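In: just to be clear, the model below is a prediction. Sequence and coordinates:
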Amino acid sequence: MSKKHILHGFLVAAFLVLLFGVGLSQPILDIVQGERPQVLEVFSAPPTEKNLRAYEKEMEDTSTIVQTVRPYMQYAHFLGLKDLGKDVLAGRDGWYFYKPDVQFLIEPWSGQEQVLAAIRAFHDTLAAQGIQLLVVPAPGKPSIYPEKFSARVQPGHGAVSRHSREMLARLVEAGVDCVDLFTLFEQNSATTSLYLKQDTHWSPEGMRLAAQEVAADLQRRGWVTKGAVKYMFKPVTIERHGDVLRMARSPQILAAIPPESTTCKQVVREDTGQPYEDSADSDVLVLGDSFLRIYERDEPHAAGFTAHLAQQLGMPLTTIINDGGASTLVRQELSRKPQLLQNKKVVVWEFVERDLRFGTEGWQVVPL
Amino acid sequence: MVFSSYIFLFCFLPLALLGYYLLPGSTTPHGKRNFFLLCISYVFYGWSNPWFILLMLTATAINYFCGKVIATASVESTRKTALVVSIVASLSMLGFFKYFMFFQSNVSLVMGLFGAGPVHWLNIVLPVGISFFVFQGLTYTIDIYRRESPPARNFFDFAAFVSLFPHLVAGPILRYNTIESQFRDRTHTLEKFASGILLFILGFAKKIILANTAGQVASAVFAAEGPGVMDAWFGAAAYAFQIYFDFSAYSDMAIGLGRMFGFEIIKNFNAPYLSDSITDFWRRWHISLSTFLRDYLYIPLGGNQKGSRRTYVNLAIVMLLGGLWHGANWTFIVWGAYHGALLAFERWRGKHSVYERFPRPFRIAITFVLVLFSWVLFRADTISEAGRYFAAMFGLMDPQPGSALLAGEIYTQGRLALMLVCGLLAVQPLQAYDWAKEVTWGKVAMVLPLFGLALATMFVEAFNPFLYFQF
Amino acid sequence: MGRALNWRTLRVALLCLGIGVFASCSKGPASDVDDKVTTLGDTEVTAQLEEIKGEFADQTNYDYAFVMKYKVLKVHRGKLDTDTIYVGHYNPLTPRATVADERVKDVGGTLKKFRVGDIHRMALAAPMDDFFMGGIINRYFDEYKGPVYWAHWTNPGVKP
């Protein structure tokens, strides 16, 4: 056998071993685990375009080799290219951003009419029942800290969240009452860190600032009078990796970056010493997304937006919280639970600004 | 099915190779293997949508039988009629499936001008690769008519030529007279197989590592509401790299796969961004398309044999149709017209560019910029979007408040490094096609880790489109 | 050109390997009954998945439940007045065996994927909102106002 043949044979063998090795390893693993090889699934459904795409995606997503290699390769991409996958963008000084948050600020958006129609319909339905609606769009992290994402943004930059501000103006024009957290946060962003570095959400300070503003707004409008329940604060420090970092789906990346430490103020009833709890009988119903969930239903519990709003208002609140679903899903849930609207005077509706464009199931008009 | 996918690499390709080389000998040289290739090519094609198989089969049958008539008929009028039937049937199919929706939307537009509502007669899904297999089918009947090649031995050989999966959906466009002999007789050697692997791996790595990275930058900039001047130029350059490394990678993989199955497929790119004029660019970019258009459209129109004015008209027609071939959209028509105008202008100057006296690096740079403008048309979804992008490139548009954030997304350390690699590779003359002809230990030592790296990168990439699949 | 390939031995070896792999795949179907499906929730049915409306949301960063339409073939436990039910499944793109997480613990099963036409044996409870406090994608919201069941446990089923 000539040297050339050895060379050619080696390359061919290496290539085929890789192809056949990966290709055969999965069915063999499936069989070893006592399962029907997934590759045969292609015969279990009619070969329609949809079924074939689903099969193809599933083959890759569930491949043991892909699942094993992916986190390491993501880590290598992170080290070499600062690339954290499709959902995450690395900012500056250890700040990480959720890609749709940034996309919402950069890209055009034309869904204003749908949003306006849905919010107005909800407003009108509540008004017919004598209930006030207060809309609270939560600024996304890059709206308030664009300089932590791009060096091109100079200190003292103007507002970058054009779509949200225009939407706020249109809502006010349409007679919908809103809280402008954008201006408030921009005024306070230099002195206080209002967002977590590794997370999409606000920091305990940002959250508390928002809760104070909403409480003050509700009282200013005379919609809510302060209740008699007294709450006190219990400081709790939590340490965790933010949701943006976890979206990279690489334990190696999490191991390489220290978790973020945050001190929260847990809201505790003065009379019982028990952490804050919602009440279905409240005058105030709060609808919202994960900006309400953080610190409240996650650790340390009872330290999130609703607990702090309740502390400010001196009364427990009723809540419907739905991750990513504040555009339509919370109203659908409310529609399924009409009893939650009984005796209500005010509905506070929070949603993160990116959900104007990316909200799950869009902005449907939901009859109550 | 795309080459850079798990299903292709680890299921389809191993099974295709296994089946092909396990087939016992046949009395007809390569008869069984051609038939096997036909079957797997139909599976490959039907994978995107099984119903499309019927369309390809119909187009194949019409051209095969027309070819048979052309080859056997002794009367010239019969031969001509069969050719006309083949051309009309093929182009009607292409016209209907590719351009009906474009026609419908334009009718709606015109109706709108007169206050009428939009029309919705039909909703046609564009079959993948139709532009390629229709053109390839046409080369068959035209080549037989011109007596440049004999008819296929049988229907299966011809169907295998039309559907041959390596080049089926994104070329290179094979001309029957250049490959028909390989369906009768081709060799399978370790050397050829190994060379095919080298080329396939290079193409795969180009696609996954370079084209996809450049594509992410281009997508971010083209999606932005108001990119700044520098961002817009950077985005256009990123798209120029994406389309080159994507399309040339596909061609490399196609040629590499062809070699694994014993075929020699023609070179499709030759360092196009080293062109020093638009005329030169079209000698180097998508060579199989430009030679197809030259031999099957430009020359039959009269080429340059009917006076200079007619030559310019012919060039304009060819490039306009070439633009339309790429897609049913005004952007492609304007793209073709733009290239046609530049080519006609250079033809008027005796195939010389207006900047021919500049040093070569400047000529290359100016040509690249001229091509860059055309890529903006190619990438934009509408003419107005292209206009908006040009305005951004020339600072005629106020940047939007959020556009400052774009810099944070596109000028990351990793993307800048990979864009630099793209730039360097795009302007070096050695092409993968030539590099892979000879296998050495050094090349093997380079491509095997590269293959591993590209595969692992593919596992983490969510952005993995193939641009030419839409054509 | 190099020497022609002669892979006769390889052919035989690979053919044997292929036959071996496929022969070992012929396992009988697993049982649809286990102690979870027979005890969780208050209703247990065998039902055919009649419709998945639209695509599942590919939101890997959010947990959600997705409501699907079923035709009931047999009621094993509990009472049903209708043969069409609407069932919410948690994170439907995840195999049931690994779907439970810190927030939603009482879900699982052996079903790997949801496919229209398949038969499932499920342990259910209603109304869904009492058991799942999160995003519910219910594309029947406008057309159906009755109870939506929460799927605690889902196994591949067999036609009764």
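Out: Looks like it came in fine. Numbers count the residues shown, from 1 in each chain, chains lettered A, B, ... in the order given.
In: now do the contacts for the residue in chain B positioned nearest to chain A.
Out: Nearest to chain A, among the residues of chain B, is B:Gly414, at 2.5 Å (Cβ to the nearest Cβ). Placement of C-beta: from N, CA and C, glycine included. Taking Cβ atoms under 8 Å, 6 or more residues apart in numbering or on different chains, we find B:Gly414 in contact with A:77, A:80-83, B:213.
In: just checking, next helix/strand downstream of the helix or strand of chain C with the lowest mean pLDDT?
Out: The weakest-scoring helix or strand in chain C, judged by mean pLDDT, DSSP states H and E, is helix C:8-23 (a mean of 54). Sequence-wise, the next helix or strand downstream of helix C:8-23 (DSSP states H and E) is strand C:43-51.
In: ok so, going back, which residue is the nearest non-sequential neighbour of the residue of chain B closest to chain A?
Out: Nearest non-adjacent residue to B:Gly414, counting by Cβ to Cβ, 6 or more residues apart in numbering or on different chains: A:Leu81, 2.5 Å away.
In: also B:Trp441?
Out: A:Leu7 (6.0 Å).
In: domain assignment for chain A?
Out: Here the domain parsing of chain A from automatic domain parsing is A:3-62, A:96-358.
In: give me whichever of those domains is most buried.
Out: domain A:96-358 (a mean of 20; mean count of other Cβ atoms under 10 Å in any protein chain shown).
In: show me how far it is from its chain's centre.
Out: Here domain A:96-358 shows a centroid-to-chain-centroid distance of 10 Å under the convention Cα atoms, centre = their mean, to the nearest Å.
In: B:Cys39: what secondary structure?
Out: helix (DSSP: H, G, I helix; E, B strand; the rest coil).
In: any idea how many residues pack against it?
Out: Using other Cβ atoms under 10 Å in any protein chain shown, B:Cys39 has 16 neighbouring residues.
In: can you pull the contacts of it?
Out: Per Cβ under 8 Å, 6+ apart, neighbours of B:Cys39: none.
In: got it, and the one 4 residues further on?
Out: The neighbourhood of B:Val43, defined by Cβ under 8 Å, 6+ apart, consists of B:Phe12.
In: need the pLDDT of it.
Out: We have a pLDDT of 94 for B:Val43.
In: show me the contacts for whatever residue of chain A ends up closest to chain B.
Out: Residue of chain A nearest chain B, by Cβ to the nearest Cβ: A:Leu81 (2.5 Å). By Cβ under 8 Å, 6+ apart, A:Leu81 lies in contact with B:412-415, B:417-418.
In: what's the answer for A:Val330, then?
Out: A:287-289, A:320-322, A:349.
In: confidence score at it?
Out: pLDDT, A:Val330: 94.
In: now do B:Phe200
Out: 97.
In: go on, A:Arg269?
Out: Confidence for A:Arg269, expressed as pLDDT, is 95.
In: assign the closest residue to A:Asp180 other than its chain neighbours to helix, strand or coil.
Out: Leaving aside its chain neighbours, A:Asp180 sits nearest to A:Leu168 (6.0 Å; criterion: Cβ to Cβ, 6+ apart). Put simply, A:Leu168 is helix when judged by three-state DSSP.
In: A:Leu168 reaches A:Leu181, doesn't it?
Out: No - using Cβ atoms under 8 Å as the test, A:Leu168 is too far from A:Leu181 to be in contact (9.6 Å).
In: where do the contact lists of those two overlap?
Out: With Cβ under 8 Å, 6+ apart, A:Leu168 and A:Leu181 have common neighbours A:Pro137.
In: tell me if the strand ranked longest in chain C is near chain A.
Out: Determined from DSSP state E, the single longest strand within chain C is strand C:64-77. Yes - residues of strand C:64-77 contacting chain A under Cβ under 8 Å from any Cβ of the partner chain: C:Tyr64.
In: pairing partners for that strand, with directions?
Out: Here strand C:64-77 is paired, per DSSP bridges, with strand C:43-51 (antiparallel), strand C:84-90 (antiparallel), strand C:135-137 (parallel).
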